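> give me the fold of what follows.
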Amino acid sequence: RASALRLETALLFDEVRSVATAEERDRLAREIHDGIAQDLAFIGYQLDDLRTQVGKVDDGLGDKVSDVRKELTELISNLRLSITDLKTSVSADRGLGAALGSYIRAISTGRELTVHLSLQESPFRLPAEREVALFQIAQIVAQDVRQNGHARNLWVTLSVDPPSARLHVEHDGEVEGAHHDLAEVGSALEKLGGRLAARPRRGGGMRVEAVFEGDDDDDQRLAGR
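Predicted coordinates:
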């Protein structure tokens, strides 16, 4: 009883900090979208017009303008993904499944990539730090697919029944720079009581599995809290 006020104050401060962080990420996402993203899109339209005019005079120069347009399109696509990343993080009012679903769908936009997404969640949520760790693992693998993988398929399966959780991410593309980042997140996962396994996929690609077995006295939150 003597410490109740201090404990409640600490919990309230943590909640305020979480809300403030989410609001700041949303603000940055809006500024990027309304600022540089719109400017780059306008430059893209100008390049389209320039490509049409130049192509009538010089085919070689038109091809060069077309190459620049493709690079700009890729830049805009990556920028939009960064905006999505800012807006889809795990937060007090956004659970792991919702954040993961939004991010994976954003990864596949504009790509010849088939996403196989399966989400199974109970009414209760994992501790916040465990949700963040699982989200980061899926994020690392998905980014590797987008940037280097040339994958045709991406499988993401999440099953959450606190205190247990299992995340399975698999793709059939090339494997580039994900191992180092996964090793770092894997160390953090182990400190939280989980385990991470990453291995080559038969036929090419990668299989990553993150598991929390949990204890009966682990913290649980109702979904959306």
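
> look up phi and psi at the residue sitting furthest away from the middle of the chain.
Relative to the centre of the chain, the most outlying C-alpha is that of Val57, 44.1 Å out, by C-alpha atoms, centre = their mean. Phi and psi for Val57, reported as degrees, to the nearest 10, are phi -110, psi -40.

> could you report the pLDDT at the most centrally placed residue in the chain?
Geometric centre of the chain, nearest residue: Gln139, 3.9 Å, by C-alpha atoms, centre = their mean. Here, the pLDDT recorded for Gln139 equals 86.

> now do the helices in this protein.
4-32, 38-55, 59-87, 96-108, 128-144, 178-191 (DSSP state H).

> deepest of those, which one?
Among the helices of the chain, helix 128-144 has the highest mean neighbour count (mean count of other C-beta atoms under 10 Å), at a mean of 22. The way it works is simple: take the backbone N, C-alpha and C, and place the C-beta from them, glycine included.

> wait, what's in contact with Arg69?
If you count contacts by C-beta atoms under 8 Å, 6 or more residues apart in numbering, Arg69 has them with Gly44, Leu47, Asp48, Arg51.

> at 6 Å what do you get?
For Arg69, the contacting residues are Leu47, by C-beta atoms under 6 Å, 6 or more residues apart in numbering.

> which sections of the protein are below the confidence cut-off?
14-15, 17-22, 87-93, 149, 176-180, 214-225 (pLDDT under 70).

> please name the nearest non-neighbouring residue to Ser66.
Arg51 (5.5 Å; C-beta to C-beta, 6 or more residues apart in numbering).

> surely the one you found meets Lys64?
No. Between Arg51 and Lys64 there is no contact under C-beta atoms under 6 Å: 9.3 Å.

> anything in contact with each of those two?
By C-beta under 6 Å, 6+ apart, no residue touches both Arg51 and Lys64.

> and Gly55, how close does it get to Pro127?
Distance, Gly55 to Pro127, using C-beta to C-beta, to the nearest Å: 58 Å.
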